[in-house]
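Q: Return atomic coordinates for the entry below.
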Amino acid sequence: MSRIGKQPIAIPAGVDVTIGANNEITVKGPKGTLVQTMSADMIIKKDGEAVVVERPSDVKEHRALHGLTRTLIANMVTGVSEGFTKTLEINGVGYRAAKQGNKLVMNLGYSHQVEMEEPDGIKIDVPQPNQIIISGYDKQKVGQFAAQVREKRPPEPYKGKGIKYVEEVIRRKEGKTGAKKK
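A: Sure, this is the predicted structure:
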């Protein structure tokens, strides 16, 4: 039995979960509404103030889908009730970010400024010039946008310059030693 899949998903107050035909899950909450179609093989039931995911058999595919389905639904419930955030840090002399309207404008050592439009369902905050906070109710969209921002200037291993996640650890390398040839 899947350790993750067998756990029930508690539905907090203010969140409404609807299970439609063909396992279409609709989760409405104070932050927004998410709709996702899960695998038709999984058995998804609403049991009072919890959602329970069961698998029809012990086939390898069903075992793999069991925990995945439960986690996807749990992420939807968490997203519409609390939301998700990713914090990025900019390191480097002259590297900085600012918010202009609904655009994120970054100086990253290129000859031009890098501008990124704020997508639907995502909020960008720049509390300091070297910090970007991306938040939203869809975990996949938040993570994808954070990865796209990081991709504009990934951290390099010699000086650590670039955009990195706050919790990310950059493995540093030693530069050239300058030994002379004879």
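Q: contacts and neighbour counts: CA atoms only from here.
A: Will do.
Q: so how many other residues sit close to Lys60?
A: 8 (other CA atoms under 10 Å).
Q: hmm, I was thinking of Leu72
A: Quick note: Leu72 (other CA under 10 Å) scores 15 neighbours.
Q: ok but it is inside a helix, no?
A: Yes. Assessed with DSSP: H, G, I helix; E, B strand; the rest coil, Leu72 lies in a helix.
Q: now it: how far from Glu117?
A: 27 Å (CA to CA, to the nearest Å).
Q: Likewise for Lys139?
A: 18 Å.
Q: And the two? Which one has more around it.
A: Lys139 (18 against 12).
Q: wait, the more buried one sits on Val77?
A: No. Between Lys139 and Val77 there is no contact under CA atoms under 8 Å: 10.6 Å.
Q: could you check the distance from Asp128 over to Ala98?
A: Quick fix: residue 128 reads Gln, not Asp. From Gln128 to Ala98 the distance is 8 Å (CA to CA).
Q: The two: which has the busier surroundings?
A: A count of neighbours by other CA under 10 Å puts Ala98 above the other of Gln128 and Ala98, at 20 against 13.
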